[in-house]
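Visitor: I'll drop the sequence and a predicted model, then ask my questions.
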2 protein chains.
Amino acid sequence: MSAPVPPDGRHVLDRCRALVRPALREAVGRTHPWVGEMAAYSFGWCEVGGAPADACGGKGVRQALAVLGAEAAGAKGSVAVPGAVAVELVHAFSLLHDDIMDGDATRRRRPTVWKAYGTGPAVLAGDALFALAVETLAEAPAGPRAVRLLSQALQDLVRGQADDLLFATRPWRGAERVRPREYRRMAEHKTGALLGCAAALGALLGGAPATTVSALDRAGRHLGIAFQVVDDLLGIWGDPAVTGKPVHGDLRERKKTYPVLAALDSPAAGHLCALLESAADPDAAAGLIEELGGRSAGLAEARRQVRAADAALSEVPLRAGAVAELRSLLDFLVRRDL
Amino acid sequence: MSAPVPPDGRHVLDRCRALVRPALREAVGRTHPWVGEMAAYSFGWCEVGGAPADACGGKGVRQALAVLGAEAAGAKGSVAVPGAVAVELVHAFSLLHDDIMDGDATRRRRPTVWKAYGTGPAVLAGDALFALAVETLAEAPAGPRAVRLLSQALQDLVRGQADDLLFATRPWRGAERVRPREYRRMAEHKTGALLGCAAALGALLGGAPATTVSALDRAGRHLGIAFQVVDDLLGIWGDPAVTGKPVHGDLRERKKTYPVLAALDSPAAGHLCALLESAADPDAAAGLIEELGGRSAGLAEARRQVRAADAALSEVPLRAGAVAELRSLLDFLVRRDL
């Protein structure tokens, strides 16, 4: 007898994307054609002007979590489709609006929607995706509870984005500086809430009891923090050929990322503060952050959050096959190129 | 015996505002404090920075329609409060985002939110109001059906705003010009859908049957078109001291408003086209629009839509007192200073 081969995260994503895509396309097709084109562009389905394309539209992690949430609860993955569509629409909406707020000109190696179509139209396209998400869930069988789960995640998304925007205005040193625990809360809200909501919605639509819905929500929130911290590590030490981002890009942009904030908690952080304040030498800053333990603190935090996600999955009875796929997805997302 | 004194539209608005305000303030208080300040500023409750204010926050027509919808259905107005809060939040959200899309720097004689706080923060504040609206309704007793009503209105809002933005890019003459019937559909979506949704939500929360909910929805949609056409008439021929807008402001901004589009449907519109294309002489254009029948067509259209709203209210059994208040509100809104 040979040991079972662990499922591959990428295959899990592909399977769930294929299951959800027809309903996602149908939902986008319900809005105004011009707005629908912007939405389709953001999903990588078309070029500016509407010509069909097959560009990268993101990994589709949220739809996969919804499908796996239903399967883990013992239901067919297809019952999760309205939830999967809703969370993908909300994710797309939040990217459209965040790109405006952050002034980001490219995403997945293409111009962002506001850059390609203008700020006003991009605001409107985001609103349309948001409205489609609510409509999709309101018409699903588990209606009111499902919409409540989604609206709580939306509130958290706003809180996380607000804190993230405000972090940029705070100093690097002193009592007003951003602490790692504030960062974790921001990341839980900005990234974790929707991942948790995705898995929880899937379980809810799959008929799971409240304890299971809540455990999957918590697992997703831990995954979100881990994912964000890993993203930060890659933003400083990742291989530009893999990440598609410039070397030390996050330091050049003076982002308050987890490794930086952890390093600034060291009593010897004075020189790093001066470097960050002057934004003079990102290479030296990266070296100093590593010396001060920022990189290892980030790695430890990511591992801690993955363990907490794992623990949440172990608390409730779930179907083994789906849990194996959930774990493979977790691995795929947070191990990446570390 | 003396004839009953018709209720005063302004008093109706004041009564409903007083009933809804505590719950509206509570809802806004649930979001992130920074985002909540922007929302409170947009409602006229505070200045930039958070100091309390008592500025004009709008008439509150939508909340009044929700309260009157419930009362017309024979229920207490208070049962409509979650619906009233939701529609006011959605209205505030749409103003915040529309002001960004339209580049409008002032609203109700104060700087718009994007002008006072920045575009990114204003996008976020709008998103927060949207999410609060959905959350408020999802937690109300009539949950799923109420959320469905709201999400349909949201879709229509997006359609109307998209068409309005696209109208600006279309020519004044030829087959591609904007026709009055397209304008009516745009106005129904952009303004009527949320007014109809407000009254319908009130009726739904008041336990009304589907035919009553639908009749109130239709009445609100007709009111929306009437309101928009009246706004257009005031935008050209209104008294600047009353409207707070410059003389012929809409013509200077080359807006495709109803009186203009109606005048352009005349076979003798060639000279008007030339004037509008060159944007040279708004005073002459206003005179020509009147000569070509644009002003009287607008007045006739507004009256027609008010009659249609009245007819919708007569189709179903409603409590007489509430209907009298609804009619007084209609009068107050569309007669204004014509």
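Guide: Perfect, I can see it now.

Visitor: Now do the contacts for A:Val90.
Guide: Under the criterion of Cβ atoms under 8 Å, 6 or more residues apart in numbering or on different chains, the contact list for A:Val90 reads A:Arg62, A:Leu129, A:Phe130, A:Ala133, A:Leu150, A:Ala153, A:Leu154, A:Leu157, A:Leu194. Heads up, the C-betas are built off the backbone N, CA and C, glycines and all.

Visitor: wait, which of those is closest to chain B?
Guide: In terms of Cβ to the nearest Cβ, no member of those lies closer to chain B than A:Leu154, at 3.8 Å.

Visitor: which residue packs closest to that closest one, ignoring adjacent ones?
Guide: Setting aside the residues directly before and after it, A:Leu154 is nearest to B:Ala131 in space (Cβ to Cβ, 6 or more residues apart in numbering or on different chains), at 3.8 Å.

Visitor: One more: A:Gly249?
Guide: Excluding the flanking residues, the one nearest A:Gly249 by Cβ to Cβ, 6+ apart is A:Gly235, at 6.1 Å.

Visitor: gap between the one you found and B:Val28?
Guide: Applying Cβ to Cβ, to the nearest Å, one obtains 35 Å for the distance of A:Gly235 from B:Val28.

Visitor: Which one of the two is surrounded by more residues?
Guide: A count of neighbours by other Cβ atoms under 10 Å in any protein chain shown puts B:Val28 above the other of A:Gly235 and B:Val28, at 24 against 20.

Visitor: pretty sure that one contacts B:Ala39?
Guide: Yes. Under the criterion of Cβ atoms under 8 Å, B:Val28 lies in contact with B:Ala39, with a separation of 4.8 Å.

Visitor: Return every residue with contacts to both of these two.
Guide: The contact lists of B:Val28 and B:Ala39 share B:Leu129, where a contact means Cβ under 8 Å, 6+ apart.

Visitor: quick one: A:Gly83 from chain B, how far?
Guide: Distance, A:Gly83 to chain B, using Cβ to the nearest Cβ, to the nearest Å: 14 Å.

Visitor: Could you measure from that residue over to A:Thr211?
Guide: 18 Å.

Visitor: who's more crowded, those two?
Guide: Taking other Cβ under 10 Å, A:Gly83 and A:Thr211 do not tie; A:Gly83 has more neighbours (35 against 12).

Visitor: hang on, the earlier thing: angle of the helix or strand harbouring the residue nearest to A:Leu154 against helix A:119-138?
Guide: With elements taken from DSSP states H and E, the one containing B:Ala131 is helix B:119-138. Direction vectors for helix B:119-138 and helix A:119-138, defined by axes from the mean of the first three to the mean of the last three Cα atoms, to 10 degrees, enclose an angle of 20 degrees.

Visitor: Give me the angle between the next helix or strand after helix B:119-138 and helix A:119-138.
Guide: Under the assignment DSSP H and E, the closest C-terminal helix or strand after helix B:119-138 is helix B:143-167. For helix B:143-167 against helix A:119-138, the angle by the same axes, to 10 degrees is 160 degrees.

Visitor: Helix B:143-167 packs against which elements?
Guide: Packed against helix B:143-167, as judged by 3 or more Cβ pairs under 8 Å, 6 or more residues apart in numbering or on different chains; DSSP states H and E, are the following elements: helix A:33-42, helix A:119-138, helix A:143-167, helix B:81-102, helix B:119-138, helix B:180-187, helix B:193-205.

Visitor: From the chain's centroid, how far away is that helix?
Guide: The offset between the C-alpha centroid of helix B:143-167 and the centroid of the whole chain comes to 13 Å, using Cα atoms, centre = their mean, to the nearest Å.

Visitor: Which of the residues in it are classified as buried?
Guide: Within helix B:143-167, the residues that qualify as buried are B:143-165, B:167, counting by 16 or more other Cβ atoms under 10 Å in any protein chain shown.

Visitor: do stretch A:26-33 as well
Guide: For stretch A:26-33, the neighbour count (16+ other Cβ under 10 Å) marks A:Ala27, A:Val28, A:Thr31, A:His32 as buried.

Visitor: that older thread, I figured the residue nearest to A:Leu154 hits A:Ser151, correct?
Guide: Yes. Assessed by Cβ under 8 Å, B:Ala131 is found in contact with A:Ser151 at 6.0 Å.

Visitor: Once you drop chain neighbours, what's closest to A:Arg107?
Guide: A:Asp99 (6.2 Å).

Visitor: Next up, the contacts around the one you found.
Guide: Listed by Cβ under 8 Å, 6+ apart, the contact set of A:Asp99 reads A:Arg107, A:Thr112, A:Val113, A:Trp114, A:Lys115, A:Ala122.

Visitor: Just these: which are in strands?
Guide: A:Arg107 (DSSP state E).

Visitor: how about a markdown table for the contacts of A:Asp99, with neighbour count and pLDDT added?
Guide: Supplementary listing: those in a markdown table, determined by neighbours: other Cβ atoms under 10 Å in any protein chain shown; pLDDT from 0 to 100:
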| residue | neighbour count | pLDDT |
| --- | --- | --- |
| A:Arg107 | 17 | 91 |
| A:Thr112 | 22 | 96 |
| A:Val113 | 26 | 97 |
| A:Trp114 | 25 | 97 |
| A:Lys115 | 17 | 96 |
| A:Ala122 | 24 | 97 |
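
Visitor: ok, the contacts of A:Asp99 vs B:Glu315, which is closest?
Guide: Nearest to B:Glu315 out of the contacts of A:Asp99 is A:Ala122 (Cβ to Cβ; 41.5 Å).

Visitor: Quick check: closest non-adjacent residue to the closest one.
Guide: A:Trp114 (3.7 Å).

Visitor: Now do the contacts for that neighbour.
Guide: Remark: with contacts taken as Cβ under 8 Å, 6+ apart, A:Trp114 is in contact with A:Leu96, A:Asp99, A:Ile100, A:Pro121, A:Ala122, A:Val123.

Visitor: show me the contacts for the fifth one.
Guide: When you say that, I think you mean A:Ala122. A:Ala122 makes contacts with A:Met38, A:Leu96, A:His97, A:Asp99, A:Ile100, A:Thr112, A:Val113, A:Trp114, as judged by Cβ under 8 Å, 6+ apart.

Visitor: Distance to B:Leu19 added to those residues, as a markdown table?
Guide: Conversion of the contacts of A:Ala122 to a markdown table gives the following (distance: Cβ to Cβ, whole Å):
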| residue | distance to B:Leu19 |
| --- | --- |
| A:Met38 | 39 |
| A:Leu96 | 36 |
| A:His97 | 33 |
| A:Asp99 | 40 |
| A:Ile100 | 36 |
| A:Thr112 | 43 |
| A:Val113 | 41 |
| A:Trp114 | 40 |
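
Visitor: longest single helix anywhere in chain A?
Guide: The helix spanning the most residues in chain A, taking DSSP state H as the definition, is helix A:210-237.

Visitor: In that one, which residues are buried?
Guide: By neighbour count, with 16+ other Cβ under 10 Å as the criterion, the buried positions of helix A:210-237 are A:212-237.

Visitor: And for stretch A:7-24?
Guide: A:Pro7, A:Gly9, A:Val12, A:Leu13, A:Arg15, A:Cys16, A:Arg17, A:Leu19, A:Val20, A:Arg21, A:Ala23, A:Leu24.

Visitor: The fifth one and A:Ala198: what is the separation?
Guide: I take that to be A:Arg15. Between A:Arg15 and A:Ala198 the distance is 16 Å, computed by Cβ to Cβ.

Visitor: Then the first one?
Guide: Relative to A:Ala198, A:Pro7 is positioned 18 Å away (criterion: Cβ to Cβ).

Visitor: Same question for the second one.
Guide: If you measure A:Gly9 against A:Ala198 using Cβ to Cβ, the figure is 15 Å.

Visitor: Kindly report the same for A:Trp172.
Guide: Distance of A:Trp172 to A:Ala198, given as Cβ to Cβ: 35 Å.

Visitor: Looking at the two, which is more packed in?
Guide: Under the criterion of other Cβ under 10 Å, the comparison of A:Trp172 against A:Ala198 puts A:Ala198 first, with 34 against 19.
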